[in-house]
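Enquirer: Structure, please.
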Amino acid sequence: MNREYSNLKKKVVHYQEVLTNTREYRQVWKDSLKDKIVVQLEAISKEVELEAKIDVKSDLENLEAIVFSLGTVKSGMYQELSDSIKRHMIKHNGSLIYQQLFNGKIVVIINYPYIENYGQPTPPKTVGIYRPEELKEPFFVRHIEEFITEIFHWEDYDDDDAPGAERNQKIGFKLNFEKDKQ
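Expert: This next block holds a predicted model:
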């Protein structure tokens with residue numbers, strides 16, 4: 001082979017390996033990983049007595065997700081429309097998501113709690129991206145622990161948060177209920 005092509009040949013071989021890995025990762029998800037994640041999340045939540053709902057979202061082939069959700073509740077805030085009618089603001093308590101990426105790897109994401117029609121939701125936090133073989137039992141405990149820590153901080157929000165912390169939840173009547181004046 002011509003020496004000019006040796007570097008290109010190495011890149012082509014690496015590219016073919018990546019494509020093979022994608023096919024293998026997707027198959028592992030179907031064959032075992034999806035069920036393993038669900039079982040681990042169920043076992044951990046039962047062990048620590050954390051009420052959570054686990055949903056498998058399979059609308060898109062090879063882009064499935066497992067959502068570990070703390071559910072939705074009335075926020076305790078409401079708008080009085082009349083003496084007998086109140087429009088409650090719904091609070092989503094946050095979720096931990098394991099989702100397949102286009103390349104078969106798994107991204108783990110924390111969705112923060114938010115209250116509908118009250119400010120802007122905090123952007124999700126990416127915990128990490130993993131090849132299927134990297135997701136071992138201790139990872140699931142660490143993911144849920146990080147998730148609960150983030151949710152705890154969101155719930156306990158005040159101005160004592162450290163400067164530069166990823167807290168961009170803006171609170172205040174003018175920030176949340178007035179229309180943009182642009």
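Enquirer: before we move on, which element is the residue nearest the centre of the chain in?
Expert: The centroid of the chain falls nearest to residue 109 when counting by CA atoms, centre = their mean (2.7 Å). Residue 109 belongs to strand 106-111 when assigned by DSSP states H and E.
Enquirer: In which helix or strand does residue 127 reside?
Expert: Assigned by DSSP H and E, residue 127 falls in strand 125-130.
Enquirer: which strands and helices sit next to that strand?
Expert: Packing partners of strand 125-130 (3 or more CB pairs under 8 Å, 6 or more residues apart in numbering; DSSP states H and E): strand 106-111, helix 137-155. To be clear about C-beta, it is placed using only N, CA and C from the backbone, and glycine gets the same treatment.
Enquirer: Pop out the phi and psi values for residue 17.
Expert: In terms of degrees, to the nearest 10, the main-chain angles of residue 17 are phi -60, psi -40.
Enquirer: Just checking, which helix or strand succeeds the host helix or strand of residue 54 along the chain?
Expert: Counting by DSSP H and E, the element that carries residue 54 is strand 53-57. Once the chain leaves strand 53-57, the next helix or strand it forms, by DSSP H and E, is strand 65-69.
Enquirer: which outside residues touch that following strand?
Expert: 34, 37-38, 41, 45, 52-57, 93-100, 144, 147 (CB atoms under 8 Å, 6 or more residues apart in numbering).
Enquirer: and the helices and strands packed on strand 125-130, which one is worst for confidence?
Expert: When those are ranked by mean pLDDT, helix 137-155 comes last with a mean of 94.
Enquirer: Which residue is the nearest non-sequential neighbour of residue 126?
Expert: Leaving aside its chain neighbours, residue 126 sits nearest to residue 109 (5.6 Å; criterion: CB to CB, 6 or more residues apart in numbering).
Enquirer: Could you measure from the one you found over to residue 89?
Expert: Using CB to CB, to the nearest Å, residue 109 is found at 24 Å from residue 89.
Enquirer: for residue 73, same thing?
Expert: Taking CB to CB, one finds residue 73 at 10 Å from residue 89.
Enquirer: same question, residue 76
Expert: Noted for residue 76: a distance of 8 Å to residue 89, by CB to CB.
Enquirer: Then residue 40?
Expert: 33 Å.
Enquirer: Looking at those two, which is more packed in?
Expert: residue 40 (21 against 15; other CB atoms under 10 Å).
Enquirer: isn't the more buried one right next to residue 136, touching?
Expert: No. Judged on CB atoms under 8 Å, residue 40 makes no contact with residue 136 at a distance of 9.6 Å.
Enquirer: Please compute how far the helix or strand encompassing residue 97 lies from its chain's middle.
Expert: Taking DSSP H and E as the criterion, residue 97 maps to strand 95-100. The gap between where strand 95-100 is centred and where its chain is centred comes out at 5 Å by CA atoms, centre = their mean, to the nearest Å.
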